[in-house]
Structure formats: structure tokens, C-alpha cells
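S.K.: Prediction below, plus the sequence it came from.
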Amino acid sequence: MLQARKDLINQLQKNILQWQGFVVPPAGASRGIGLGPVEHAFPNGVFPTGAIHEMLCPTPEQAAATGGLMAGLLASLMQQGGVCLWISLSRKLFPPSLHAFGVVPDRVIFVDVQCEKDLLWAMEEGLKCEGLAAVIAEVREISFAQSRRLQLAVESSRVTGFLLRNDPRKPGANTCVARWRVTSLPSEPGEGVPGIGFPRWQVDLLRVRNGNPGSWKLEWAEGRFMPVAEAAAGTVEITLPGRRAG
């Protein structure tokens, strides 16, 4: 009787995750996006695509760090084709810098708007386009109702959306699948290599729907994310799908 109850609860949990868009990967199949241990925080250990992620950027420094991490994520999301839509009120991203993360700037469409109302409208319309790999919007505030409209859009198209919350007044409640906060870390120069080292971040998942929040230190080196401890040891590497470890 006890085992039957456990089996019933496990099946209900799986059904709820599937109804919410969290797909259980087939046995032996990997759907990772290359974030290594960070992905274990999400249901089924899979980074949620076809959902909206909220990235908190209280300071300009954190906004810059978040942009770097975003470029690494796009490198994986755009591998299967498609383009990215990047919407903002005052664009600060330097497109050629995307080359450092393996993203071709020509495949990123930048849209500059005059007010946040237009920004959210453009994001919602972009999320309805199935041919896009991702839609990113730099927005300060968003209501629960507005986030719900974005969530309904991705449920049909399965496009992944990112809200870069620059200098928000308060996080507030919304329907985003996860709330992130990214902070830059000092890089470590390589042995015998002068100058700065590879980009590093402190990645905090403050909230994960049906998952486990936590904190990690990541480094981007040679086209892949890896935990800082492993990068320093030079042992295990986390590769992006379709890439081979060097």
C-alpha cells in the first residue's frame, strides 16, 4: 500500500511537470545547455526552454555580467539555427563582443523602442515567432498580468524568453520559470599567459519553479561553461551540445 502511494505521487509529480512544460528527457538522452551543475537545479536536470527567465540586474556592473552569461547561453540556443531578438530602450551591448562567445552578431536582431509599453508588446509578438531561437528584453518593471501574457505566448511557440530587469524597484511576483542574479568574478590569468583570464561569474538562482535554488561559480573558456573549481584543476570540462572537449 505504501509503495503504491509513492508510485502514485511520483506519477502525479511527473504529470504536473509535463503540464507546466518541463519535458522528461528520454533515457540516455542529454538535453543540456552546457551550464553544468547549474542545470541540476531545474526539474529533471534540464534547462527549461520554451519558458520565460527573469534576470535581475540591480547595477550596471551586474547588467554587463548578465549580458556575458546571456551570450554564452545564446551560443547553445542558436546552434540549431534561428536568430535572436534583442529588445531594449537604450542598447549598450557591443555586438562584435558576441564573437567571443561563438555568437555571430548578424544573427541577432536588435530592436530599439521608445517606452517599456512598446518593449513588452514587441517581446510578446517576438515570442510568438516559432523561427526565433530566443527573445531578450531589457525591461525595468513587469506586472504579473504582463508576465502571464508572455508565458502564454511561449507555451505555443516554445521560444525561450529572457527578461533583463535593469535597476528594478522590486522583483515582485510573476510567472517566470526562474529568477537569476549574475555577478562578475575576478578572472584568473592562464599559466604563462599575460593579461586577463577567461570571464567568470557568480550565478545565483534565487527562485526555480519546482526546482532547487542555489549558487555556483562558472567560467567561460574555449567555447564552454565549466565550474570554476574544475577550471582551476584542469580536469573536467562541461561542453556545449555539439562541441567537443579540447
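M.R.: Perfect, thanks for sending it.
S.K.: these two touch, right, residue 53 and residue 177?
M.R.: Yes. Counting by Cβ atoms under 8 Å, residue 177 is a contact partner of residue 53 at 6.2 Å. Every C-beta, even on glycine, is put in place using the N, C-alpha and C of the backbone.
S.K.: Between these two, which has more neighbouring residues?
M.R.: The residue with more neighbours, out of residue 53 and residue 177, is residue 177; 26 against 22, by other Cβ atoms under 10 Å.
S.K.: From residue 176, how far off is the residue lying closest to that one once chain neighbours are set aside?
M.R.: In this structure, residue 177 finds its nearest non-sequential neighbour in residue 51, 4.0 Å apart by Cβ to Cβ, 6 or more residues apart in numbering. Separation of residue 51 from residue 176 (Cβ to Cβ, to the nearest Å): 8 Å.
S.K.: cool, residue 136 as well?
M.R.: Applying Cβ to Cβ to residue 136 and residue 176 gives a distance of 13 Å.
S.K.: same deal with residue 100?
M.R.: Applying Cβ to Cβ to residue 100 and residue 176 gives a distance of 27 Å.
S.K.: Looking at the two, which has the bigger crowd around it?
M.R.: Higher neighbour count among residue 100 and residue 176: residue 176, with 23 against 15, using other Cβ under 10 Å.
S.K.: so what pLDDT did that one get?
M.R.: For residue 176, the pLDDT comes out at 94.
S.K.: Surely it is in a strand?
M.R.: No. Read with DSSP: H, G, I helix; E, B strand; the rest coil, residue 176 is coil and lies in no strand.
S.K.: Apart from its neighbours in sequence, what residue is nearest it?
M.R.: Using Cβ to Cβ, 6+ apart, the nearest residue to residue 176 is residue 54, at 4.0 Å.
S.K.: element containing that neighbour, please.
M.R.: According to DSSP states H and E, residue 54 maps onto strand 52-57.
S.K.: just residue 110 next, same as before
M.R.: Per DSSP H and E: strand 108-112 holds residue 110.
S.K.: Could you pull up the mean pLDDT of the helix or strand just after that strand?
M.R.: Counting by DSSP H and E, the element after strand 108-112 in chain order, helix or strand, is helix 116-127. Averaging pLDDT along helix 116-127 gives 94.
S.K.: buried ones in helix 116-127?
M.R.: For helix 116-127, the neighbour count (16 or more other Cβ atoms under 10 Å) marks 116, 119-120, 122-124, 126-127 as buried.
S.K.: How far does stretch 138-146 sit from its chain's centre?
M.R.: 17 Å (Cα atoms, centre = their mean, to the nearest Å).
S.K.: re earlier: what number of residues lie near the residue nearest to residue 176?
M.R.: Residue 54, neighbours per other Cβ under 10 Å, totals 25.
S.K.: List the contacts of it.
M.R.: 163, 165, 171, 174, 176, 178-180 (Cβ atoms under 8 Å, 6 or more residues apart in numbering).
S.K.: What score does it have for pLDDT?
M.R.: Reading off the confidence values, residue 54 has pLDDT 96.
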